[in-house]
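Novice: Got a predicted structure plus its sequence, pasted below:
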Amino acid sequence: MNRHERRASKAQARSAKLSRVTAIHEAGHAVARILTAKDFGIDEAEAVHHIEIELMNAYGASRDGSMGLLSGAVTYGPRLSFELQQFLGIASNGVPQNQISESHIVNAFQAAEATGHDISDWLRSRMLIAVFGAAAEAQYTGRDIEDVWNGYEAEADVNTARADGSYPGLSNSQTDDFIAEAINRARYLISQPNVWAAVTSVADNMPDRGKMAGKWVVGLCRSALGGSAH
């Protein structure tokens, strides 16, 4: 890459913006994490670690169809409920955090179910988090939730939902039943003025790149939802 190309690349990176649709979609995931905090056995303040916004390559972003730079966003927070995390700690005893594998998670679920632990609340919460990005995007664009969920926009969300369903041994068909239930619940929740206000507030304040702190996300949601998401 010559000097002119480097300058052009830097200029493009500086001008890259987070699209409104992407911000709304990711804000939906973040708000759903806060709405489900109680079922996770955690405080709202723990539901969102942060939202990370970074540059990503996107084909067809420019008028000539060439590759351009856009911002993409990912929300980070707990994947397991407080109780399931305790079972994972037992299943992975002595294993460094960065070496915990899918098999450790599966073992944790098996141990939980063997002791009669009901994971249905966790499943419903995880599925709501997965579909709520599509629900928020559908609300903003005037599309149907299923249309967004079954499109390329939600491919990563679908894969995450399927992975969550696989931990307790659900088939794709069984996971789809939980997804369908979550979509119906999301359709109702996203239509509530305070929930939609929380989504738009988070999206309005999302930067084009960098990190949005979880405590900022929680504060915006609490204001929109009336002090508490519960």
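Specialist: Right, received. Where do you want to start?

Novice: State the phi and psi torsions of Ile51.
Specialist: phi -110, psi 130 (degrees, to the nearest 10).

Novice: List the beta-bridge partners for it.
Specialist: In this entry, Ile51 is beta-bridged to Thr75, Met212, by DSSP bridges.

Novice: wait, isn't it in contact with Met212?
Specialist: Yes - proximity of Ile51 to Met212 meets the contact threshold set by C-beta atoms under 8 Å, at 4.2 Å. No exception for glycine: its C-beta is placed from N, CA and C like everyone else's.

Novice: Have a look at these two and say which one is more surrounded.
Specialist: The residue with more neighbours, out of Ile51 and Met212, is Ile51; 26 against 22, by other C-beta atoms under 10 Å.

Novice: now the helices for this structure?
Specialist: Assigned by DSSP state H, the chain shows helices spanning 3-15, 20-35, 37-40, 82-91, 102-114, 120-141, 145-149, 155-166, 172-190, 193-204, 214-225.

Novice: Generate CSV for these, with mean neighbour count and mean pLDDT as supplementary columns.
Specialist: CSV is the format used below for the helices of the chain (neighbours: other C-beta atoms under 10 Å; pLDDT from 0 to 100):
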stretch, mean neighbour count, mean pLDDT
helix 3-15, 10, 44
helix 20-35, 26, 97
helix 37-40, 20, 94
helix 82-91, 17, 94
helix 102-114, 16, 93
helix 120-141, 24, 97
helix 145-149, 20, 97
helix 155-166, 17, 95
helix 172-190, 17, 97
helix 193-204, 20, 97
helix 214-225, 20, 96
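
Novice: Ala73 is nearest to which of those?
Specialist: Comparing the helices of the chain against Ala73 with C-beta to C-beta, the closest turns out to be helix 20-35 (3.9 Å).

Novice: Who are the packing partners of the closest one?
Specialist: strand 67-76, helix 120-141, helix 172-190, helix 193-204, helix 214-225 (3 or more C-beta pairs under 8 Å, 6 or more residues apart in numbering; DSSP states H and E).

Novice: which residues sit in contact with the spatially most central residue of the chain?
Specialist: Central residue check for the chain by C-alpha atoms, centre = their mean: the C-alpha nearest the mean position is that of His29, 3.9 Å away. When contacts are counted by C-beta atoms under 8 Å, 6 or more residues apart in numbering, His29 touches 75, 129-130, 132-133, 157.

Novice: ok, so of these, who is nearest Ile42?
Specialist: Nearest to Ile42 among the contacts of His29, with distances taken as C-beta to C-beta, is Ile129, at 13.0 Å.

Novice: what's near enough to touch that closest one?
Specialist: By C-beta under 8 Å, 6+ apart, the neighbours of Ile129 are 29, 32-33, 36.

Novice: just the CA coordinates of stretch 141-149, formatted as CSV?
Specialist: Output in CSV follows, covering the C-alpha atoms of stretch 141-149 (Å, rounded to 0.1, in the frame of the first residue of the first chain):
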residue,chain,number,x,y,z
THR,A,141,-37.8,-0.4,9.5
GLY,A,142,-41.5,-1.4,9.4
ARG,A,143,-40.7,-5.0,8.6
ASP,A,144,-42.0,-8.1,10.2
ILE,A,145,-39.8,-9.7,12.9
GLU,A,146,-39.7,-13.0,11.2
ASP,A,147,-38.5,-11.3,8.0
VAL,A,148,-35.6,-9.8,9.8
TRP,A,149,-34.9,-12.9,11.8
